[in-house]
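**Student:** Sharing a model prediction with you, sequence too.
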Amino acid sequence: MIQFPKPDVEQFFQTYVIRSFAVTKDEKRLIFSSNLNGHPNLWAMNLPDTYPIPLTYNNQNANFIKPDPDGRFILAGFDRDGDENYHLYALPPEGGSPLKLIEAKAEDKFYFSHLSKDGQRLYYVTSQENPNYLNSRVRNLSTGEDKLIYSGKEAPTSLAAVSPDEDRFILVKMYANTHQIAFVQAGDEQIALSPDPERVQVNQNFIFTDNDTIIFTTDFDSEYAYVMQYSLASREFSIVCQIAGEVVGPLEWHKEPGTLYFWTEKGTEQRMYVKPSGTGEAKPIDLPVDVVEQTHIADSGNVYILGRGAVQPFNIYRLEDGKWTALTQNRVTGLAKDDLVYPDVVRYPSFDGLEIEALLFKAKPEAANGYTIFWPHGGPQAAEGKFFRAMFQFMLAYGYNIFAPNFRGSTGYGSEFVKMVEGDWGEGPRLDCVAGIEWLFEQGISSRDKLFVVGGSFGGYMTLLLAGRHPEYFRAAVDIFGPSNLFTFIESVPEDWKPIMERWLGHPERDKERLIKDSPITYLKDMGGPMLVIQGANDPRVVKAESDQIVAALKEQGTEVEYIVLDDEGHGFSKRNNEVVVYRRMLEFLNKHQS
């Protein structure tokens, strides 16, 4: 029989990423942002036809897509090679060269908030003239008239929702990822969207169900976020729905029957519910994917989601008449789901008895090489979920197990759990990781001579910290745009991050001793193992200098280090060729250091 060779790295990256999508009002067209041709661009499909039509050729990421209700244009925000300085553009309905709507400096940022029902008024948030706290504005697309709605003060403030009559605005002040306070601006009046706005809480996912009624998610007086309703007429709050032990996230409202759809997280699991109007109970709906990334409900009541699973790349689905239909057909070329690896969910006790949940991907027996990759996730206030990572699946195909813990600070485990990383990046989360490594050894899954550590962003920081403080555990390390020095990191983050940095990480003077202790570069001399460092030149979150300084210092002391800089990328990889180059190099690096 014919014996085919093991799939090359490149084969796993023939999948494409879908970052966001939109559906036109008549549901005849689906528009999405994807690297379908190897570069990020906008594409369309004329439903029910599912053949993709290119709309742009600028090869840039889009942070939103909004079609005009009357089909006259498409709005989108594009950055420049991953710098995340998104500007506002308009496209003709059939695509072409984007037209910039507002002239701005290269470093200015714009975020979409709302488009009026007649397509005339664009509501947006910008760093222009207020880089730390942001301004919310409205622009008349016909006349060019541009008005200030709210100027942020004391905390970065964003425009989260606009009422149907466009006379009431919901604004959110962000003091931290875990402290977001909302209020309604109605003329000169500001109305707090909380029974007690002085308490730490998170208010998100706002919807005006009519001009006087708002539904949103909140963790006020609760460990897990739930759905709250507020009446501007009566000034009364009421709980709409609460699911025990689950964090309620995105909301969608079907106005005609008054039906609420919502999605929840419970650790590594995501679920979907539908709740009819009135006192009807929320009922679960089976999902076609493990993880939902974006949601939309059409006037017809059809529900659209963008999602992925552990063995399913990004795809867009429609729920119609109780049945899910895949509108895109993204898959791993030449491989079936059974050829890929689905993770086990495991739990282990940490150093202080706190239970930590983790995903364990086991290489198939016929491929297993006995080595394991320890993967601390990014964020840190995020989580590793059951979502497809091409990097995971090709490493598994080449024999590596992968262990991904959701250490303290991870989302999906309640409000207090996610707060545990604030002001403590390098102690509790690190020891959670160490406990996970010891668990791997105890279970016979790995050993000190067969373990690698690989991580990106906060995971890159943790990779560096573990490599410096616990070098005896690892054969080698791969750092993907991780902060190496917390003092320089605090100074170099985006301007609208700076007001929240003290709560999130610490103050350079008041917390000096802790920041020294938690900075990877403090343990430079103990980083004796081989290291591969990967960095996007345009990264605005973890700037290139963070990687430059650790690489230069390692080279000076004679440590083996390889360095890859991608000139046309930011905080992540949007271009397929870059992904293939980086991950092929990573595989070669790990293989070289197996013995």
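**Tutor:** Looks like it came in fine.
**Student:** Can you give the contact residues for the helix ranked longest in the chain?
**Tutor:** Ranked by residue count under DSSP state H, the longest helix found in the chain is helix 576-592. Here helix 576-592 makes contact (Cβ atoms under 8 Å, 6 or more residues apart in numbering) with 9-10, 13, 16, 35, 38-39, 371, 373, 390-391, 394-395, 398, 400, 452, 454, 476, 478, 530, 532, 534, 562, 564, 566, 568-569, 573. C-beta here means a position set from N, CA and C on the backbone, and glycine is covered the same way.
**Student:** again, but for stretch 148-158
**Tutor:** Contacts for stretch 148-158 (Cβ under 8 Å, 6+ apart): 111, 113, 123, 125, 130, 132-138, 159, 169, 171-175, 185, 496, 499-500.
**Student:** try stretch 311-326
**Tutor:** Here stretch 311-326 has contacts from 15-18, 21, 30, 32, 34, 285-290, 293, 302-308, 327-332, 337, 340-342, 388, 390, 393, using Cβ under 8 Å, 6+ apart.
**Student:** Mind giving me the PyMOL command for buried ones among the residues you listed?
**Tutor:** Of the contacts of stretch 311-326, the buried ones go into a single PyMOL selection, burial set by 16 or more other Cβ atoms under 10 Å:
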select buried, resi 15+16+17+18+21+30+32+34+287+288+289+290+293+302+303+304+305+306+307+308+327+328+330+331+332+340+341+388+390+393
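**Student:** For the residue nearest to residue 165 when sequence neighbours are not counted, list the residues it contacts.
**Tutor:** Spatial nearest neighbour of residue 165, chain neighbours left out: residue 211 (4.9 Å); criterion: Cβ to Cβ, 6 or more residues apart in numbering. Shown in contact with residue 211 (Cβ under 8 Å, 6+ apart): 163, 164, 165, 167, 168, 232.
**Student:** Which among the residues you listed count as buried?
**Tutor:** Buried among these (16+ other Cβ under 10 Å): 163, 168, 232.
**Student:** just those now: which is nearest residue 297?
**Tutor:** residue 163 (18.4 Å; Cβ to Cβ).
**Student:** Could you check how far the closest one is from residue 375?
**Tutor:** 44 Å (Cβ to Cβ, to the nearest Å).
**Student:** what's the answer for residue 103, then?
**Tutor:** Distance from residue 103 to residue 375, by Cβ to Cβ: 43 Å.
**Student:** higher neighbour count, these two?
**Tutor:** Comparing residue 103 with residue 375 by other Cβ atoms under 10 Å, the one with more neighbours is residue 375, at 26 against 7.
**Student:** show me what contacts the closest residue to that one other than its chain neighbours?
**Tutor:** In space, residue 375 comes closest to residue 404 once its chain neighbours are excluded; the distance is 4.4 Å by Cβ to Cβ, 6+ apart. Taking Cβ under 8 Å, 6+ apart, we find residue 404 in contact with 343, 358, 359, 360, 361, 375, 376, 377, 384.
**Student:** which of these tops the neighbour count?
**Tutor:** That'd be residue 376 among the contacts of residue 404, by other Cβ under 10 Å, with 31 neighbours.
**Student:** Confirm that that one sits in a strand.
**Tutor:** No: Residue 376: not assigned to a strand; according to DSSP: H, G, I helix; E, B strand; the rest coil it is coil.
**Student:** related to what we said a few turns ago, can you tell me which of the contacts of helix 576-592 end up in strands?
**Tutor:** Per DSSP state E, strands hold the following members of the contacts of helix 576-592: 373, 452, 454, 478, 532, 534, 562, 564, 566.
**Student:** Give me the distance between the closest residue to residue 434 other than its chain neighbours and residue 523.
**Tutor:** In this structure, residue 434 finds its nearest non-sequential neighbour in residue 470, 6.3 Å apart by Cβ to Cβ, 6+ apart. As judged by Cβ to Cβ, residue 470 and residue 523 stand 9 Å apart.
**Student:** what's the answer for residue 414, then?
**Tutor:** 32 Å.
**Student:** which residue is nearest the centroid of this structure?
**Tutor:** Central residue of the chain (Cα atoms, centre = their mean): residue 382, 7.5 Å from the mean position.
**Student:** I am assuming that one contacts residue 412, so please confirm or correct that.
**Tutor:** No: with contacts counted by Cβ atoms under 8 Å, residue 382 stays clear of residue 412, the gap being 9.2 Å.
**Student:** what's the helix or strand for the residue nearest to residue 375?
**Tutor:** Using DSSP states H and E, residue 404 sits in strand 401-406.
**Student:** List the buried residues of the helix or strand that that strand is followed by.
**Tutor:** For strand 401-406, the succeeding helix or strand toward the C-terminus, using DSSP H and E, is helix 415-419. Across helix 415-419, burial judged by 16+ other Cβ under 10 Å covers 415, 417, 418, 419.
**Student:** Repeat that for stretch 449-466.
**Tutor:** Neighbour-count burial for stretch 449-466 [16+ other Cβ under 10 Å]: 450-466.
**Student:** Quick one: end-to-end length of it, please.
**Tutor:** End-to-end distance for stretch 449-466: 15 Å, by Cα to Cα, to the nearest Å.
**Student:** How about stretch 257-275?
**Tutor:** Stretch 257-275 end-to-end distance (Cα to Cα) = 11 Å.
**Student:** Could I get the average pLDDT for it?
**Tutor:** For stretch 257-275, the mean pLDDT works out to 96.
**Student:** What residues of that stretch count as buried?
**Tutor:** 259-268, 270-275.
**Student:** Sticking with residue 89, tell me its helix or strand.
**Tutor:** Going by DSSP H and E, residue 89 is part of strand 87-91.
**Student:** Can you list the strands that that strand pairs with?
**Tutor:** strand 74-78 (antiparallel), strand 99-100 (antiparallel) (DSSP bridges).
**Student:** Dump these to CSV, plus mean pLDDT.
**Tutor:** Shown next, in CSV, are these (pLDDT from 0 to 100):
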stretch, mean pLDDT
strand 74-78, 98
strand 99-100, 97
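**Student:** Among those strands, show me which one is buried the most.
**Tutor:** strand 74-78 (a mean of 25; mean count of other Cβ atoms under 10 Å).
**Student:** Can you give the distance from that strand to the centre of its chain?
**Tutor:** 19 Å (Cα atoms, centre = their mean, to the nearest Å).
**Student:** Check stretch 135-150 too.
**Tutor:** On Cα atoms, centre = their mean, the centre of stretch 135-150 falls 29 Å from the chain's centre.
**Student:** Also stretch 405-413?
**Tutor:** 14 Å.
**Student:** what are the bridge partners for residue 358, then?
**Tutor:** According to DSSP bridges, beta-bridge pairing links residue 358 with residue 346, residue 405.
**Student:** Then residue 114?
**Tutor:** Bridge pairing for residue 114 - DSSP bridges - gives residue 123.
**Student:** distance of it from residue 160?
**Tutor:** As judged by Cβ to Cβ, residue 114 and residue 160 stand 9 Å apart.
**Student:** Compare the two (neighbour count), which wins?
**Tutor:** Applying other Cβ under 10 Å to residue 114 and residue 160 shows that residue 160 carries more neighbours, namely 22 against 18.
**Student:** Torsion angles phi and psi at residue 144?
**Tutor:** Taking degrees, to the nearest 10, you get phi 80, psi 0 for the backbone angles of residue 144.
**Student:** mind checking pLDDT for the residue of the chain most remote from its centre?
**Tutor:** Residue farthest from the centre of the chain, counting by Cα atoms, centre = their mean, is residue 1 at 45.0 Å. Per-residue pLDDT puts residue 1 at 78.
**Student:** List the contacts of it.
**Tutor:** Taking Cβ under 8 Å, 6+ apart as the definition, residue 1 has no contacts.
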